[in-house]
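**Student:** Structure, please.
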Amino acid sequence: MSSKFGLFRFLSIISLLIAGFFTLIMLLALLVTPALSAVLIFVLLTGSVVIHSVLSLSLQQSLKDPAKPLKSNTPGGIRIMGFMAIFYAVMLITNGIYGLVHLDGMLQEAMKQLPKNQPAPSMQAMRSLMTGLVIVLVLHAVGVLINCALSFGYLRQWQEKK
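**Tutor:** The predicted structure follows:
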């Protein structure tokens with residue numbers, strides 16, 4: 001297949017792994033978090049990326065081998081979960097940009113909340129750690145956006161073949 005299809009396969013697998021890890025962490029957070037509604041929303045959004053990736057993988061199998069048909073609800077699932085995944089990615093990108101712009105103020109507030117008897121990390125170390133984390137999350141979000149766009153395109157191609 002083409003390099004575009006290879007990118008589609010790679011992004012589907014990477015999105016599945018990263019969003020699956022985030023979903024697992026948030027499900028574990030549900031056990032200890034008193035504010036369930038906020039965590040449930042993020043579980044739903046990250047779960048939509050996981051489901052979209054799984055559906056994209058089945059679409060890829062059907063495109064590679066036309067003898068393997070898609071289930072009747074897979075195209076609709078790709079669309080619905082794709083739009084939810086796009087919302088997740090846009091939210092991560094906008095929050096990441098906001099976090100990078102206001103990073104110093106947020107770090108100063110976070111440093112004030114650390115216990116006084118505990119040694120605090122340096123502001124430079126925290127800044128570099130948070131900047132790296134935000135950049136990784138934004139790159140993940142861009143990968144999810146590209147994966148959704150590719151899945152919509154390949155879904156249209158699959159429907160035309162059918």
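**Student:** use CA for all of it now, contacts and neighbours both
**Tutor:** Noted.
**Student:** Centre-most residue in this structure?
**Tutor:** Nearest to the geometric centre of the chain sits Ala19, at 4.9 Å (Cα atoms, centre = their mean).
**Student:** Return the distance of it relative to Leu103.
**Tutor:** Plainly put, Ala19 is 24 Å away from Leu103 if you go by Cα to Cα, to the nearest Å.
**Student:** Could I get the pLDDT score of Ala125?
**Tutor:** On pLDDT, Ala125 comes in at 88.
**Student:** That one and Asp104: what is the separation?
**Tutor:** The spacing between Ala125 and Asp104, counted by Cα to Cα, is 12 Å.
**Student:** Point me to the helix or strand that includes the residue sitting furthest away from the middle of the chain.
**Tutor:** Within the chain, the residue lying farthest from the chain centre (Cα atoms, centre = their mean) is Asn117, at 37.0 Å. Using DSSP states H and E, Asn117 falls within no helix or strand.
**Student:** Regarding the residue nearest to the centre of the chain, which helix or strand does it belong to?
**Tutor:** With DSSP H and E as the criterion, the answer for Ala19 is helix 3-30.
**Student:** Packing partners of the helix or strand just after that helix?
**Tutor:** Using DSSP H and E, the helix or strand that follows helix 3-30 in sequence is helix 36-64. Helix 36-64 sits against helix 3-30, helix 74-101, helix 123-161, with contacts defined as 3 or more Cα pairs under 8 Å, 6 or more residues apart in numbering; DSSP states H and E.
**Student:** again, 6 Å this time
**Tutor:** helix 3-30, helix 74-101 (3 or more Cα pairs under 6 Å, 6 or more residues apart in numbering; DSSP states H and E).
**Student:** if I pick Ile78, what's in contact with it?
**Tutor:** Ile78 makes contact with His52, according to Cα atoms under 6 Å, 6 or more residues apart in numbering.
**Student:** cool, the one 3 residues further on as well?
**Tutor:** Taking Cα under 6 Å, 6+ apart as the criterion, Met81 is in contact with 48, 52.
**Student:** run the last query once more with 7 Å
**Tutor:** 48-49, 51-52 (Cα atoms under 7 Å, 6 or more residues apart in numbering).
**Student:** Likewise for Phe8?
**Tutor:** Listed by Cα under 7 Å, 6+ apart, the contact set of Phe8 reads 147, 150.
**Student:** I am finished for the moment; much appreciated.
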